[in-house]
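Participant: Following is a predicted model, sequence given first.
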Amino acid sequence: SATAIHLSPYATNIISADISHTAAAARQHAQHGLLYLSLSFHCLLRISSASFVHLIWFLFVVWNGDTGALLAGRLGRMMCRSDLVAAICPQAWIDFVGRISPSKSMTGLVGGVLGAAATAVYWPNVMLW
């Protein structure tokens, strides 16, 4: 014999509200993702239309910024104490970086900015060398 599950109207409303909230959140994430990808791709096309050298320069700036953040974050975790970082950086900055991504650090942020800036400034000289 088949067993039927009967839900109360209250339980049915909770389940349908949860499903509609989940669907709305998924739709919103998809829209933001599409916007992010389309704007990123548009900017990449604009840069590549300038010249191939500009495209390579842009990719190296992003790549070296990310690598600088990774290396500085790892070195900062190994070498720096948290009280030293707290003495140098205001607490509002540390909280802001923690809200963006919990596993990021201020040393990683500084390393990423310095890595990207150094590549942006010195890469054209390397390309002409």
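Facilitator: Thanks, I have it. Numbering: from 1, shown residues only.

Participant: Now the helix or strand where Ala87 lies: average pLDDT?
Facilitator: Assessed by DSSP states H and E, Ala87 sits inside helix 82-88. Averaged across helix 82-88, the pLDDT comes to 65.

Participant: cool, and stretch 93-110?
Facilitator: Stretch 93-110 comes out at a mean pLDDT of 76.

Participant: going on from the helix holding Ala87, what's the next piece of helix or strand?
Facilitator: Next element after helix 82-88 (DSSP H and E): helix 91-100.

Participant: Show me what that following helix is packed up against.
Facilitator: When contacts are defined as 3 or more Cβ pairs under 8 Å, 6 or more residues apart in numbering; DSSP states H and E, helix 91-100 packs onto helix 106-128. Where you see a C-beta, it was placed from the backbone N, CA and C, and this is true even at glycine.

Participant: distance between the helix it packs on and the chain's centre?
Facilitator: 18 Å (Cα atoms, centre = their mean, to the nearest Å).

Participant: now it against helix 91-100, angle please.
Facilitator: 80 degrees (axes from the mean of the first three to the mean of the last three Cα atoms, to 10 degrees).

Participant: I appreciate the help and will end here.
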